[in-house]
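> no sequence on this one, just coordinates:
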């Protein structure tokens, strides 16, 4: 591992390294988006080089597709593959029931489609992403550009009757212009502070005209792999209730992420 990695990056690295141990030869994999998922793609490529592992990846964003292809991971589309054995992705928050907030990387729509088209979803995260109740991280909502201000007003009106502590809604920007997703949509960030009923909120938001999808992933994640800077890894399975602790040891030459942005 590079000596200059900060503790959070070390935690992401060990979580990613442990998560790719679930990958078996011949699998069709959903490849997540974001800084933690990028570590996973690198670890997967390392296994493929060293062990001859054969997989096909379905990326959840253009940037993940470019990274995977550059590392020699065969990529395909969900339309071609149809169904996946496993998706590995990061999360912005997860609660004790492994419900998630995702979308900090603006790829929530493809991420949710790919995750729900998988037999199993594994989330990789550092310990800071664990919360007792979702909502501290702003909830992303993908909306179509047409009439987005009206959609924003409808979202704000809807939040009045929801179990949330905050109701500030902002348009995500990229410099002085709205951020545009891979599907040419916008992102509204809902600053809720605390979400009392995440399941209800997810259902209600998706009923608003103009909303494409929201970043609440409810009953989708099966396993979370939590990494720590020390190399300790905890694997939690929501279906069996099992918790396993492991330790990842680093070789001095472990530098597969040295060129990762």
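Received the coordinates, thanks. As the structure is a computational prediction, the values presented were derived from the model and not from experiment.

> For the stretch 101-250 of the chain, give me the ranges with low pLDDT.
250 (pLDDT under 70).

> mind redoing it with 90?
By pLDDT under 90, the low-scoring segments of the stretch 101-250 of the chain are 248-250.

> Which stretches in the stretch 1-150 of the chain count as strands?
Applying DSSP state E, counting those that start in this stretch to the stretch 1-150 of the chain gives strands spanning 28-31, 56-59, 86-89, 93-94, 100-101, 121-126, 139-143.

> Tell me which of these sits most buried.
strand 100-101 (a mean of 29; mean count of other CB atoms under 10 Å). For the C-beta atoms, the positions are set from N, CA and C on the backbone; glycine is no exception.

> how far does it sit from the chain's center?
Put simply, strand 100-101 sits 8 Å off its chain's centre (CA atoms, centre = their mean, to the nearest Å).

> again with stretch 78-94
9 Å.

> can you check stretch 128-139 too?
13 Å.

> Residues contacting it, please?
Stretch 128-139 is contacted by residues 8, 91-96, 99-101, 103-104, 164-166, 170, 189-196, 198, 201, 214-216, 226 when judged by CB atoms under 8 Å, 6 or more residues apart in numbering.

> filter those residues to the buried ones?
Those of those that meet the buried threshold are 91-95, 99-101, 103-104, 164, 189-192, 195, 198, 201, 214-216, 226, by 16 or more other CB atoms under 10 Å.

> Which of the contacts of stretch 128-139 fall in helices?
8, 198, 201 (DSSP state H).

> What distance do you get for the first one to residue 15?
What that stands for is residue 8. 11 Å (CB to CB, to the nearest Å).

> With the second one instead?
The span separating residue 198 from residue 15 equals 23 Å under the rule CB to CB.

> what does the last one give?
For residue 201, the distance to residue 15 (CB to CB) stands at 27 Å.

> Residue 139 now?
23 Å.

> Quick check: pLDDT value at residue 2.
You'll see residue 2 listed with a pLDDT of 52.

> typo on my end, it should be residue 6
89.

> what's the neighbour count on it?
As a burial measure, residue 6 scores 9 neighbours (other CB atoms under 10 Å).

> could you measure it against residue 229, distance?
In terms of CB to CB, residue 6 sits 8 Å off from residue 229.

> Among the strands of the stretch 1-150 of the chain, single out whichever gets nearest to residue 233.
For the strands of the stretch 1-150 of the chain, the distance to residue 233 is smallest for strand 121-126, at 9.6 Å, taking CB to CB.

> Can you list the neighbours in contact with the closest one?
Contacts of strand 121-126 (CB under 8 Å, 6+ apart): 8, 11-12, 15-16, 18-19, 22, 30, 36-37, 39-40, 86-91, 94, 98, 100, 115, 220-228.

> Parallel or antiparallel, which strands does it pair with?
strand 86-89 (parallel), strand 223-227 (parallel) (DSSP bridges).

> Including distance to residue 181, could those strands go into JSON lines?
Shown next, in JSON lines, are the strands paired with strand 121-126 (distance: least, CB to CB, whole Å):
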{"stretch": "strand 86-89", "distance to residue 181": "16"}
{"stretch": "strand 223-227", "distance to residue 181": "25"}
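
> Tell me which of the ones you listed sits nearest to residue 157.
strand 86-89 (31.6 Å).

> all strands for the stretch 151-261 of the chain, in order.
Under DSSP E, counting those that start in this stretch, the stretch 151-261 of the chain gives strands at 168-171, 173-174, 177-178, 186-191, 211-214, 216-217, 223-227, 232-237, 243-247.
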